[in-house]
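> Fold the following.
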Amino acid sequence: MKETRLHAHQRQVRRLQRRLEQLQQTSQHYSWIRVGIFLGGLTLSGIALFQVGDWLFWGGLVVTALIFGLVVRCHQQVERSIARHTTWQAIKITQIARMQLDWTHLPATFIEQPRYEHPFEADLDIVGARSLHHLIDTTSSRAGSLRLRDWLTTPVPDMEQVMQRQQRIRELMRQRHFREQLTLHARLAARTAEKWDAQRLLAWLDGSAPTAPLGRLLVLFSAFILLNLSLLVLNAVGLLPPIWQVTLVLYLVLLLAMARVTGQVFDEATALREALEQLLAVFRYLETYGYHNTPHLAALCTPFRSESQRPSHHLARITRVVAATGLRGNPFAWFFLNAALPWDMYFAYRLRQLKRNLAAHLPIWMDVWFELEAAGALANLAYLNPEYTFPTFTPAAEQTGTPLLRGQGLGHPLLPDGAKVRNDFAVNTPGEVAIITGSNMAGKSTFLRTVGINLALAYAGSPVDATRFQIRLFRLFTCIKVSDSVTDGISYFYAEVRRLKALLAELQQTHPLPLFFCIDEIFRGTNNRERLIGSRAYIRALVGGHGIGMISTHDLDLVQLAEELPPVHNYHFRDAVTDGRMVFDYRLRPGPCPTTNALTIMRTEGLPVPGPTMDEAE
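Numbering: from 1, shown residues only. Next up, the predicted model:
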């Protein structure tokens, strides 16, 4: 099914490319027609002026202007169609890149660098370049992207939230047209590939209003206008001397004095015009969508379905007010219009009213949009990977006799399908620790990340890369990508010790949810003797605690802990040497690893290493 969807997207890209070529040719034709109408109209009108008379000259100019305007309008429609098809094609190309893990054609939408102090964000490649977030982030807004990241990196999952997201994602998974059209509207309105940032708009709404009492000033300005008009009429009929000239000067002085206050209001709103236009395009689509057979989606979008409080009504009023203030760019028109009407003061007062009303609703509307974007990204992941499955959750009350974690056909979502090997894994009782041994490059670290990243997806409400995934809620903590710090004077070993100490503290914490932990190559930053002593002591502290976990290691001596500690279970990955090459099948097997390959790798790469020993041969 995935191949079928991939081919369908590729066909769409080819169709869109053919259509774009046709539209671009049409646009070029319109450009030449506009030049021809302009030059031809001027030429014929000039001939008419000298041969017939000025009446035909002016008539020719009017007809030329009308025809030219009609052609310009048709040309603009073609250009809008080109922009729409171009954006639509870019969305489809990105979809293909997501399916093929083609990172070079995926937009760099990741916003933050991974937080290494986070319990698992950096270790599991959740955030950053070529990360899970990078792969699945289809959002158009920065806040939607951050919300997606927050869902994927929640240290303590909540069952109610997880199930609510899962229900919405299930519905959105079937609403491909809705998801893609929502993205298309947002991208077209933004006119850029950059993510829309809500902070400026929210800051404007939260910002303090001008201290000037605009309502009273509007009354004063209106009174001045009426007074000037009345005095002008009375002077015109000879009943009064030209007193209106004095009152007009006073009015103009007051107008110029208040220009700074009204200008501040208009400058803020004008700067936010593009943001308002983008929101208007998105919100109109959410208002008009049918929401048939999608009860959870309809419930989420309730704020957009109220006839009396539709977002488009509020935003359209503000955009009209902002458009009306565009006259300030023409000083002469601005002066004469404000001399005759309290133009600026009225629209400043109106804008403050609309801003106050919008501040009560806009955060709610945007929150729904951001929620839809985050859920839509995970629904898109499910649509592009139909082999994924939604996890099932075992409540803590039903835990007895049921595995705490059981995964069948577990795969890593950041591995290509052709290179992916799926494994089964289960943990049955609390306090269990799985020690995974194996040679270099055999797949130990990847498998730790496979289980961890699927847990992160499950707690975000997303489907997972597995044929079956039965779990309960865990807190998640990993120790995989430990990093030293030159600037802070922290060695690798000390950074690892601090990370393992934090993990142990989490495990010993009194918390309703048990901890699931992953440790890759425990105490790799010290010598063999001290590493073995420290590792044994640390694993003993983990066993039987308030959690379960996995530890990968090269120290085959650690597998002996399974003989003295029943909760410890050994697993391994194997390798083989075929025609002088290392061969790995990446299959997880029970028991300790029977072979090592470090010397073999050194030898095959040409390093001066002695020949195989008896232990290696065995």
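> now the helices for the stretch 301-450 of the chain?
311-324, 331-340, 343-384, 444-459 (DSSP state H, counting those that start in this stretch).
> any idea which of those is most buried?
helix 444-459 (a mean of 24; mean count of other C-beta atoms under 10 Å). Quick note: C-beta positions are derived from backbone N, CA and C, even for glycine.
> Following the chain past it, name the next helix or strand.
Next helix or strand after helix 444-459 toward the C-terminus (DSSP states H and E): strand 468-471.
> Which parts of the stretch 51-200 of the chain are helices?
54-100, 132-136, 142-152, 159-173, 176-190, 199-206.
> Now do the fourth one: which elements does it pack against?
Of the remaining helices and strands, those touching helix 159-173 by 3 or more C-beta pairs under 8 Å, 6 or more residues apart in numbering; DSSP states H and E are helix 295-300, helix 343-384, strand 392-393.
> Show the average pLDDT along the longest one.
It refers to helix 343-384. The average pLDDT within helix 343-384 is 87.
> Determine which residue lies closest to the centroid of this structure.
Ser145 (2.5 Å; C-alpha atoms, centre = their mean).
> And that residue, how close does it get to Arg18?
Distance of Ser145 to Arg18, given as C-beta to C-beta, to the nearest Å: 33 Å.
> how far does whichever helix or strand Leu229 is part of sit from the chain's center?
Assigned by DSSP H and E, Leu229 belongs to helix 214-236. Relative to the centre of its chain, helix 214-236 is centred 53 Å away, using C-alpha atoms, centre = their mean, to the nearest Å.
> any idea of the angle that helix forms with helix 343-384?
140 degrees (axes from the mean of the first three to the mean of the last three C-alpha atoms, to 10 degrees).
> ok, and for helix 214-236, which residues are buried?
Along helix 214-236, these residues count as buried under the neighbour rule (16 or more other C-beta atoms under 10 Å): Leu214, Leu217, Leu218, Leu220, Phe221, Phe224, Ile225, Leu227, Asn228, Leu231, Leu232.
> Domain map for the chain?
With domains defined by automatic domain parsing, the chain comprises 1-106, 137-212+258-384, 392-617.
> thinking again about what came up before, quick one: the helices and strands packed on helix 159-173 as a markdown table, columns for distance to Met258 too.
Converted to a markdown table, the helices and strands packed on helix 159-173 look like this (distance: least, C-beta to C-beta, whole Å):
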| stretch | distance to Met258 |
| --- | --- |
| helix 295-300 | 44 |
| helix 343-384 | 7 |
| strand 392-393 | 62 |
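> Quick one: closest of these to Asp54.
With C-beta to C-beta as the measure, helix 343-384 is the member of these nearest Asp54 (37.6 Å).
> got the angle between the closest one and helix 142-152?
40 degrees.
> So what's the gap between helix 343-384 and the chain middle?
Worked out by C-alpha atoms, centre = their mean, helix 343-384 lies 16 Å from the chain centre.
> Helix 444-459 and that helix, what's the angle between them?
Using the same axes, to 10 degrees: helix 343-384 against helix 444-459 is 130 degrees.
> Now do the helix or strand where Leu23 lies, average pLDDT.
Taking DSSP H and E as the definition, Leu23 sits inside helix 2-51. For helix 2-51, mean pLDDT is 88.
> Please apply the same query to stretch 103-116.
79.
> what distance separates that stretch from the middle of the whole chain?
Distance, centroid of stretch 103-116 to centroid of chain: 11 Å (C-alpha atoms, centre = their mean).
> and Gln408, which of the helices of the stretch 301-450 of the chain is closest to it?
It is, among those and with distance given as C-beta to C-beta, helix 444-459, at 11.5 Å.
> how far does that closest one sit from the chain's center?
21 Å.
> Any idea how far apart the tips of stretch 409-418 sit?
Taking C-alpha to C-alpha, to the nearest Å, stretch 409-418 runs 15 Å from one end to the other.
> Same question for that stretch: list its buried residues.
Result for stretch 409-418 [16+ other C-beta under 10 Å]: buried residues Leu410, Gly411, His412, Pro413, Leu414, Leu415.
> likewise stretch 58-72?
Gly60, Leu61, Thr64, Ile67, Val71.
> Isn't Met173 up against Pro386?
No. Assessed by C-beta atoms under 8 Å, Met173 is found out of contact with Pro386, at 9.4 Å.
> Phe493 in helix, strand or coil?
helix (DSSP: H, G, I helix; E, B strand; the rest coil).
> is it true that it touches Thr526?
Yes. Phe493 is within contact range of Thr526, at 5.4 Å (criterion: C-beta under 8 Å).
> for the stretch 451-600 of the chain, what spans make up the helices?
Under DSSP H, counting those that start in this stretch, the stretch 451-600 of the chain gives helices at 492-508, 528-542, 561-564, 598-604.
> Pick out the shakiest of those helices, pLDDT-wise.
helix 598-604 (a mean of 63).
> residue contacts, the closest residue to Gly534 other than its chain neighbours?
Nearest residue to Gly534, sequence neighbours excluded (C-beta to C-beta, 6 or more residues apart in numbering): Phe523, at 4.9 Å. Applying C-beta atoms under 8 Å, 6 or more residues apart in numbering to Phe523 gives the contacts Phe493, Glu496, Leu500, Glu530, Arg531, Gly534, Ser535, Tyr538.
> how about Val13, what does it touch?
Gln89, Lys92, Ile93, Ile96.
> so which of those comes closest to Ala281?
For those, the nearest to Ala281 is Gln89 (19.0 Å; C-beta to C-beta).
> Pretty sure that closest one sits against Gln17.
Yes. The pair Gln89 and Gln17 passes the contact test of C-beta under 8 Å, sitting 6.7 Å apart.
> Between those two, point out the one with more neighbours.
Gln89 (18 against 13; other C-beta atoms under 10 Å).
> Return the residues in contact with the closest residue to that one other than its chain neighbours.
Of all residues not flanking Gln89 in the chain, Leu16 sits nearest, at 4.2 Å (C-beta to C-beta, 6+ apart). Contact partners of Leu16, counting by C-beta under 8 Å, 6+ apart, are His85, Trp88, Gln89, Lys92.
> same deal with Thr389?
Pro463, Val464, Ala466, Thr467, Arg468, Phe469.
> Buried subset of the residues you listed as a PyMOL selection?
Of these, the buried ones go into a single PyMOL selection, burial set by 16+ other C-beta under 10 Å:
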select buried, resi 463+464+466+469
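> what's the closest of the contacts of Thr389 to Val246?
Pro463 (77.2 Å).
> rewinding a little: what would the domains of the chain look like in a markdown table with distance to Val249?
Putting the domains of the chain into a markdown table (distance: least, C-beta to C-beta, whole Å) gives the following:
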| stretch | distance to Val249 |
| --- | --- |
| domain 1-106 | 41 |
| domain 137-212+258-384 | 11 |
| domain 392-617 | 66 |
